[in-house]
Every structure is written in C-alpha cells, then in structure tokens.
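Novice: sharing a sequence plus its predicted fold:
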Amino acid sequence: MTEQSEELLVGAAQDGHLDSFAALYERYYNSMVALAYSVLADRHLSEDAAQQAFVIACRDLPKLKSKDRFVIWLAGICRNVARQMRRSRARLVSLNGKPPDRDQNNKDNHADTVRRAVWNLRATEREPIVLRYYNGLSYEGIAAVLGISAQAVHGRLTRAKRKIAKYLKREGFTGGDYETP
C-alpha cells in the first residue's frame, strides 16, 4: 500500500473500509503504546491501553468531524484509557496494600534512577521524552501526536532534559555516569 494521507485514510475508514483503519492502526500503534507508557510505566499495560484506544476510536470514528485531527483525537483517547487503567491499578494497591506484579529483587541501578527521573516529570514533559527516546519519533512526529508545534516539542524536550540532569545530579551521578537524552 502506498503512503496515503491521513485524511484519505480516515475518510475511507469512516466509510467502512477496514483496510484503511488497519493502515491507521499500523501507522500510529507504536506511538500510542509509547504515549500510554508515559502514563503507565508498564509495557504490557501500555499495549493493552493502545489497543483499547483503537477499539474506542473504531467505534467512535463516525463522530470525528476533523479528519486532519485524527491522531490528536486518538492520542486523547489513549491518554484517557491509560489514566483510567492507572486509577484502577491504584485502587488495587489500596485494596491489597501492595502494588501488583512488582519485582521484589529490583536493584537500584543507574537505569532505575534515570527511569525515576523521567517519571518525576510532569506528564507534559514526560510524553515527548517517551515518544522521542522510547518510540524514536521525530520532532514532527511528536508534534503531530501531541497536537503542538515542533518548536514546542523542542522546548518541552529541552526543559525535561534539564530537569532529568538536575535529578541525576542530586542522586549523585557525575557527568561520566550518564548522558542526558
């Protein structure tokens, strides 16, 4: 299949062409997993959230009025699904008194510290970091998913990397211990 515009694919999917929706799924699935991961910090739950977001999008696609805003609309659905899943997990923790499926032998190594630095960021800073370094999206790709300009992506990434560097410095990392993303 040749690279078709998003608007053509969305229009065809709205008309009931499942191949077009499948093309949208293939185009944006990894980005939605990364976006969900920025909320959930769990690969498997993030995959579930992305799949659920696509199910909702498929069901509600006729309601989408602006075909050129599909990925932004889909990202909003994915964020909501991931937040709902996070709340459900938090309820389980409060009922059980312990987080579900946590590795008890988790060592406090460099990767864990960097991960904590990323998770200490606000969602608006964490999303572009995860989309860039977890999903490998370009600034333009991140801008399309988040519905912001590439310049805003650059600004958010720059601020987030500074905060990560400050966190790592507070945790005792020296310049040779890490590289900011």
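Specialist: Nice, thanks for sending it over.

Novice: care to break the chain down by domain?
Specialist: Here the domain assignment for the chain is 1-102, 103-181, based on automatic domain parsing.

Novice: turn the ones you listed into CSV, including mean pLDDT.
Specialist: Formatted as CSV, the domains of the chain follow (pLDDT from 0 to 100):
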stretch, mean pLDDT
domain 1-102, 87
domain 103-181, 83
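
Novice: with mean neighbour count added, can I get those domains in TSV?
Specialist: Any C-beta I mention is one placed from the backbone N, CA and C, and that applies to glycine too. Supplementary listing: those in TSV, determined by neighbours: other C-beta atoms under 10 Å:
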stretch	mean neighbour count
domain 1-102	16
domain 103-181	15
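
Novice: helices and strands around the longest helix along the chain, which ones?
Specialist: The helix spanning the most residues in the chain, taking DSSP state H as the definition, is helix 70-96. Taking 3 or more C-beta pairs under 8 Å, 6 or more residues apart in numbering; DSSP states H and E as the contact definition, the neighbouring helices and strands of helix 70-96 are helix 6-14, helix 18-40, helix 43-60, helix 139-146.

Novice: after it, next one along is what?
Specialist: Read in the C-terminal direction, the helix or strand following helix 70-96 is helix 110-119, with elements assigned using DSSP states H and E.

Novice: how far does the helix or strand following that following helix sit from its chain's centre?
Specialist: Toward the C-terminal end, the helix or strand that comes next after helix 110-119 (DSSP H and E) is helix 123-133. The gap between the average C-alpha position of helix 123-133 and the chain average comes to 7 Å, counting by C-alpha atoms, centre = their mean, to the nearest Å.

Novice: against Pro62, how distant is Asn80?
Specialist: Using C-beta to C-beta, to the nearest Å, one gets 19 Å for the distance from Asn80 to Pro62.

Novice: kindly report the same for Ile56.
Specialist: In this view, Ile56 and Pro62 are 13 Å apart by C-beta to C-beta.

Novice: Glu6 now?
Specialist: With distances defined as C-beta to C-beta, the gap from Glu6 to Pro62 amounts to 17 Å.

Novice: apart from its chain neighbours, what residue comes closest to the spatially most central residue of the chain?
Specialist: By C-alpha atoms, centre = their mean, the mean C-alpha position of the chain lies nearest to Leu35, the distance being 0.8 Å. Closest residue in space to Leu35, ignoring its immediate chain neighbours: Cys78 at 5.3 Å, by C-beta to C-beta, 6 or more residues apart in numbering.

Novice: how about Tyr134, what does it touch?
Specialist: Residues counted as contacts of Tyr134 (C-beta atoms under 8 Å, 6 or more residues apart in numbering) are 34, 37-38.

Novice: thanks again, I'm all set now.
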